[in-house]
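[1] Sequence first, then the predicted structure, then my questions.
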Amino acid sequence: MEKLNNEAILNLIQGAFPNDVLFHEEPYGLLTIEVPATKGHEMIQWLKNHEELSVNYLTNIAAVHYPEDAGREFAVVYQLHSWKNQFRLRLKCYLPKENVSIASLVDIFPGANWMERESYDFFGVEFIGHPDLRRILNEESMDYFPMRKEFALEDDTREDKDDRYFGRNNL
Amino acid sequence: MSDLKTKVAFAQSTETIDGNIATINFGPTHPSTHGIFQNVLKVDGEKIISSEQTVGYIHRAFEKLSERRPYNQITPITDRLNYCSSPINNMGWEMTVEKLIGAEIPKRVQYMRVIIMELARIADHLICNSVIGVDAGALTSFFYPFTEREKIYELYEEICGARLTTNIGRIGGFERDFTPAFHTKLQSFLKTFPKAFEEFDSMLARNRIFMDRTKGAGPISAERALAYSFSGPNLRATGVDYDVRAMHPYSSYEDFDFIIPVGVNGDTYDRFMVRQEEIRQSVRIIEQAYKNLPEGSYKADLPDFYLPEKADVYNNMEALIYHFKIVMGETEIPPGEVYHSVEGGNGELGFYLISDGGRTPYRLQFRRPCFIYYQAYPEMISGMSISDAVLTLSSMNVIAGELDA
């Protein structure tokens, strides 16, 4: 069978979801597409069931915090893998800080359970429809989400570890 | 005889749950958990009805720490993920950074890495498989492979000076070439290991008691394993031949001839046997890589990332400048987003790195295989006895350091 290239994959996705691929790029050869948060679940379900694409494996889910980016403060990044065609695919959904919620993937991939709990634990992303959305690695009584950028790793009274030394001027 | 069989069958068919359900804590510090994690089991007699897991006892915030560390200082963090095979984690991370900066890596470095990563895989599988023996009641088989594992640790020592948390290699290669002592030790290891390994294998693989204990303990079907995003030997034991080394070859794995062993039933015995065969294949890969070890440099030409030799730093202006640039974080790092994965000791170990051009990663996420597959544990042990739960846990190769990050 011919190996699908990224362009063919993108065309297939855009054919089925004409208005939902907001942005696409190929950093280091890995097709990355941005989709509206409301469409993420539907698209992953479609990708999984699609006979030709057959995206059968959820590699991981990562949340990212971009405090500067108004209206798109949080990103949920799904990395998917099709073994039949040997391609990886990265799907990004951006969420505003007022409503950090997205549909859970547990009904499609049961393995998403702990990955989503981890994203909730560290970033406070609410996964709607998740059967058991509790903290996982941190203790239950914690009342903040530690991986958000507002929580500096160092004590901010310290002067010897200035952020400028880390190549950033205005965090 | 047939009378007894009928009686047993009758007793089994009439066995009922008496409604007396007990709750017991399996862990956090039970000796058979081999790490600190807790399972609250609901049991009816010996039979497990349900279990609830607690993880995170040794969470050390690696992802947060990484956001304040320069790239070369993240390598020691990766040691502490799956500490049974730290060199694989170290090199996975180095390769991720090399991918980000688009570095060309000499063939010799790639082969050297393959040798060390396969040694690490052998060490990892030896521990896991010998511990399955311990949990099945066979302590001797635990001590035999430790002699061999010791030799692997001596080989690490020859390269980087450390044994467990190795921090082996650098971004761009190695800090020095294989030493003459390494060559001698590796040659003697390749000569003696296969025999010693078969001795270990013969203690368990076809041992009637061991087979009776492990066959059918903690099985999972291929469909469920895929749904749970299993990877590594646990997935291959169910019959799925997914291996990152073959599907997305990195570090020249495509040059080597090796078999990916698969199981059938996905139970403890299959997981054990898959690992045993992988050890044999790893030896084959090491032999091939060592025999064909290309000539060339043990490091890539990456002055912006690769710390110069100490002797040069003291005597050479250019090396001194680069040393300061690297240590003080003046290195230019391209912004970008990269995912790189390697076949770790227990599955697909992935690094998802987002760089904003700063000295440290903007976000680094580790895809930790055992964090992902450990969530299937309650499903795998439900309906089993407590002793099967112990075996299932050790055969899944759940490493607390990797689980909790």
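    Perfect, I can see it now.

[2] what's around B:Thr96, how many residues?
    The local packing of B:Thr96 (other Cβ atoms under 10 Å in any protein chain shown) involves 25 other residues. To be clear about C-beta, it is placed using only N, CA and C from the backbone, and glycine gets the same treatment.

[3] Do you have the helices of chain A handy? List them.
    Secondary structure of chain A (DSSP state H): helices at A:6-16, A:40-49, A:112-123.

[4] Closest approach to chain A from the stretch 151-300 of chain B, which residue is it?
    When distances are taken as Cβ to the nearest Cβ, the stretch 151-300 of chain B approaches chain A most closely through B:Ser229, which lies 3.6 Å from it.

[5] what's near enough to touch B:Asn346?
    B:Asn346 makes contacts with B:82, B:124, B:128, B:232-234, B:369-370, B:396-399, B:402, as judged by Cβ atoms under 8 Å, 6 or more residues apart in numbering or on different chains.

[6] 7 Å - rerun?
    With contact set as Cβ atoms under 7 Å, 6 or more residues apart in numbering or on different chains, B:Asn346 has these partners: B:82, B:232-233, B:369-370, B:397, B:399.

[7] what's the answer for B:Ile36, then?
    Counting by Cβ under 7 Å, 6+ apart, B:Ile36 has contacts B:28-29, B:57-58, B:400.

[8] So the residue of the stretch 151-300 of chain B closest to chain A sits against A:Pro110, correct?
    No - applying Cβ atoms under 7 Å as the test, B:Ser229 and A:Pro110 come out as separate, 8.7 Å apart.

[9] Those two: which has the busier surroundings?
    The neighbour count for B:Ser229 versus A:Pro110, taken as other Cβ under 10 Å, is higher for B:Ser229 (27 against 19).

[10] excluding its backbone neighbours, what's nearest the more buried one?
    Here the nearest residue to B:Ser229 in space, its sequence neighbours aside, is A:Gly111; by Cβ to Cβ, 6 or more residues apart in numbering or on different chains that works out to 3.6 Å.

[11] Torsion angles phi and psi at that neighbour?
    Here the main-chain torsion angles of A:Gly111 (degrees, to the nearest 10) amount to phi -70, psi -10.

[12] Now do the contacts for it.
    Each residue near A:Gly111 by Cβ under 7 Å, 6+ apart is listed here: A:58, B:227-229, B:372, B:375.

[13] Quick check: buried residues in the one helix or strand in chain A whose mean pLDDT sits lowest?
    Every helix and strand of chain A was ranked by mean pLDDT, DSSP states H and E. The lowest is helix A:6-16, at a mean of 86. Taking 16 or more other Cβ atoms under 10 Å in any protein chain shown as the basis for neighbour counts, the residues of helix A:6-16 that come out buried are A:6, A:9-10, A:12-13.

[14] can you check stretch B:333-351 too?
    B:333, B:336-351.

[15] who touches residue 47 in this structure?
    Unless you meant another one, I'm taking chain A. For A:Leu47, the set of contacting residues under the criterion of Cβ under 7 Å, 6+ apart consists of A:53, A:55, A:80.

[16] meant chain B actually
    Under the criterion of Cβ under 7 Å, 6+ apart, the neighbours of B:Lys47 are B:383, B:385.

[17] What's the separation between it and chain A?
    B:Lys47 is 23 Å from chain A, where distance means Cβ to the nearest Cβ, to the nearest Å.

[18] residues from the stretch 251-400 of chain B in reach of chain A?
    Counting by Cβ under 7 Å from any Cβ of the partner chain, the positions of the stretch 251-400 of chain B adjacent to chain A are B:329, B:336-339, B:350, B:352, B:354, B:357-360, B:363, B:365, B:367, B:371-372, B:375.

[19] can you pull out the strands in chain A?
    Applying DSSP state E to chain A gives strands spanning A:23-25, A:31-34, A:57-65, A:74-82, A:87-95, A:101-103, A:126-128.

[20] Quick check: which of those is nearest to chain B?
    Between chain B and those, the shortest gap by Cβ to the nearest Cβ is with strand A:57-65, which sits at 4.2 Å.

[21] and that closest one, what other elements does it pack with?
    For strand A:57-65, the packing partners by 3 or more Cβ pairs under 7 Å, 6 or more residues apart in numbering or on different chains; DSSP states H and E come out as strand A:74-82, helix A:112-123, strand B:348-355, strand B:363-367.

[22] Might you report the residue contacts of B:Glu63?
    By Cβ under 7 Å, 6+ apart, the contact list for B:Glu63 reads A:147, B:364-366, B:405.

[23] my bad, B:Met117
    B:87-88, B:91.

[24] That one and B:Glu379: what is the separation?
    Distance from B:Met117 to B:Glu379, counting by Cβ to Cβ, to the nearest Å: 31 Å.

[25] again with B:Lys151
    Distance from B:Lys151 to B:Glu379, by Cβ to Cβ: 38 Å.

[26] circling back to that earlier point, just the buried ones from the contacts of B:Met117, in PyMOL syntax?
    Command for PyMOL, covering only those of those found buried under the criterion 16+ other Cβ under 10 Å:
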select buried, chain B and resi 87+88+91
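
[27] could the contacts of B:Met117 go into JSON lines alongside distance to chain A, secondary structure and pLDDT?
    Putting the contacts of B:Met117 into JSON lines (distance: Cβ to the nearest Cβ, whole Å; DSSP: H, G, I helix; E, B strand; the rest coil; pLDDT from 0 to 100) gives the following:
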{"residue": "B:Pro87", "distance to chain A": "22", "secondary structure": "helix", "pLDDT": "92"}
{"residue": "B:Ile88", "distance to chain A": "18", "secondary structure": "helix", "pLDDT": "93"}
{"residue": "B:Met91", "distance to chain A": "18", "secondary structure": "helix", "pLDDT": "92"}
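
[28] nearest to B:Pro70, of the contacts of B:Met117?
    Closest approach to B:Pro70 among these (Cβ to Cβ): B:Met91, at 18.1 Å.

[29] just the strands of chain A: most buried one?
    Neighbour counts averaged per stretch over the strands of chain A are highest for strand A:57-65, at a mean of 24; criterion: mean count of other Cβ atoms under 10 Å in any protein chain shown.

[30] Shouldn't B:Leu235 be within a helix?
    Yes - when the secondary structure is assigned by DSSP: H, G, I helix; E, B strand; the rest coil, B:Leu235 falls within a helix.

[31] Am I right that it is in contact with B:Tyr242?
    Yes - applying Cβ under 7 Å as the test, B:Leu235 and B:Tyr242 come out as touching, 5.9 Å apart.

[32] Looking at the two, which has the bigger crowd around it?
    It is B:Leu235, of B:Leu235 and B:Tyr242, that has more neighbours when counted by other Cβ under 10 Å, with 29 against 21.

[33] Where does the prediction get shaky in chain A?
    Counting by pLDDT under 70, chain A contains low-confidence ranges at A:1-3, A:154-171.

[34] Would you mind listing what in it touches chain B?
    Within reach of chain B by Cβ under 7 Å from any Cβ, chain A has these residues: A:27-28, A:30, A:56-60, A:62, A:64, A:79, A:83, A:86, A:109-111, A:113-115, A:136-138, A:146-147, A:153-154, A:165-168.

[35] and those residues, which are buried?
    A:30, A:56-60, A:62, A:64, A:79, A:109-111, A:113-115, A:136-138, A:146-147, A:166-167.

[36] Quick check, central residue of chain B?
    Within chain B, one residue has its C-alpha closest to the average C-alpha position: by Cα atoms, centre = their mean, that is B:Gly345, at 2.1 Å.

[37] contact partners of stretch B:349-368?
    Taking Cβ under 7 Å, 6+ apart as the criterion, the residues outside stretch B:349-368 that touch it are A:59-60, A:62, A:64, A:79, A:166-168, B:62-63, B:66-70, B:81, B:88-89, B:92-93, B:96, B:100, B:329, B:333-342, B:348, B:369, B:402-403, B:405.

[38] Now find how far off-centre that stretch is within its chain.
    Here the centre of mass of C-alpha atoms in stretch B:349-368, compared against the chain's by Cα atoms, centre = their mean, to the nearest Å, lies 20 Å away.

[39] Any idea how far apart the tips of that stretch sit?
    In terms of Cα to Cα, to the nearest Å, the two terminal residues of stretch B:349-368 are separated by 6 Å.
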